[in-house]
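Participant: test case, fold it:
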Amino acid sequence: MTDEFDYAITTTRFDEHYEPAETSRVTTNFANLARGEHRQQNLRNALGMIDRRFNALADWDNATGDRYSVELEIISVALRFADASQDQEFPLIEILDVQILDTTTGERRHGIVGNNFSSYVRDYDFSVLLPSLTASGARLPDDFGVLHGKLFDHFLASRAYRERFSAPPVICISVSTSKTYRRTDNRHPVLGVEYRNDDVSLTDRYFAKMGLRARFFMPPGSVAPLAFYHRGDLLNDYTDLQLIGTISTMEAFQQIYRPEIYNANSTATAIYRPSLEQQDYSRTQVSYDREERSRLASTQGKYTEEHFMTPHRDALEQWAATYPAPLA
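Facilitator: Reported below is the predicted structural model:
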């Protein structure tokens, strides 16, 4: 380990009164919902989608379909440098922490931390570095994403993480539109039917450098598989309710952000190639500007370059040269 830097965690309740913090990435899923004239209705509708989906999956001893409520906290992680240089603290990542309220017993259960994943350094890698390599015709270097992966692993090993969370995170996002997925015979009662991709995507390789493996499952009642990035044993390390918390939360976000895939009017076939060109889908009652989000990702990548990568490049490269790569 190193004393070059450590981490500070702050939390923000994600509910219908949520307002993004000044340090939140403006493209993050939560911030997108909390903007504009209909911000509170957006949030209320999104949270309602999550609760309804949770109760539909957790249907045992739940005859009225309203036994459970999902409570979400945004976990904001800042990296703090040990020196007194400019930009001493930098907002590194944001993830979601899930709590599950049983309204019948009054008990709260801790769900899975992770779920959504927002990262300034990832914005730099994908919105600044990658386009510059593509424009120049240069091949993607083997160390693409290495610094980001080591920082993520270092955070998970930090006292700040270990004091708050007892299990590694699970990140749940959309499957790649550039790959083909094939249905297998493997089924899980909550995660559903497993799919496998013919070839790993750039995102799969990027998360592998964070020490996270990819598996793809289409839960019961879903129309497309979700990508789960995890450590350990995804199928056995978590309870059914914990897995349902992640599925219901992230499927709702994906139905909002990628309705062509996750709110399609037809179910994924045995050989499945997701597409954002699909026209046969339904829109949710939540407004969202996907084009604006893409534009802002570039802005945030340049911010990261100016305030993090450039002023601290030497220190970061020296640290990364000796820090071991996490194993996926």
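Participant: hmm, Pro219 and Ile247 touching each other?
Facilitator: Yes: the pair Ile247 / Pro219 is scored as a contact, 5.1 Å apart, by CB atoms under 8 Å. Any C-beta I mention is one placed from the backbone N, CA and C, and that applies to glycine too.
Participant: which residues do these two both contact?
Facilitator: 57, 190-191, 226 (CB atoms under 8 Å, 6 or more residues apart in numbering).
Participant: neighbour count: Ile247 and Pro219, which is higher?
Facilitator: A direct count of neighbours by other CB atoms under 10 Å for Ile247 and Pro219 places Ile247 higher, at 27 against 22.
Participant: so that one versus Asp240, what's the distance?
Facilitator: 10 Å (CB to CB, to the nearest Å).
Participant: what's around Ser136, how many residues?
Facilitator: There are 8 residues near Ser136, going by other CB under 10 Å.
Participant: for it, phi and psi?
Facilitator: Main-chain dihedrals, Ser136, degrees, to the nearest 10: phi -90, psi -10.
Participant: tell me how far it lies from Thr299.
Facilitator: Applying CB to CB, the value for Ser136 to Thr299 is 22 Å.
Participant: returning to what we had before: out of the shared contacts of Ile247 and Pro219, which sit inside strands?
Facilitator: Members of the shared contacts of Ile247 and Pro219 lying in strands (criterion: DSSP state E): Leu226.
Participant: where does Arg215 fall, secondary structure wise?
Facilitator: strand 213-218 (DSSP states H and E).
Participant: list the buried residues in that strand.
Facilitator: By 16 or more other CB atoms under 10 Å, the buried positions in strand 213-218 come out as 214-218.
Participant: strands of the stretch 201-328 of the chain, start to end?
Facilitator: Using DSSP state E, counting those that start in this stretch, the strands of the stretch 201-328 of the chain run over residues 213-218, 226-230, 271-272.
Participant: tell me the angle the longest one makes with strand 226-230.
Facilitator: Spelled out, it's strand 213-218. Taking axes from the mean of the first three to the mean of the last three CA atoms, to 10 degrees, one finds strand 213-218 and strand 226-230 inclined to each other by 150 degrees.
Participant: show me what strand 213-218 is packed against.
Facilitator: Secondary-structure packing of strand 213-218 (3 or more CB pairs under 8 Å, 6 or more residues apart in numbering; DSSP states H and E): strand 181-188, strand 192-197, helix 202-208, strand 226-230.
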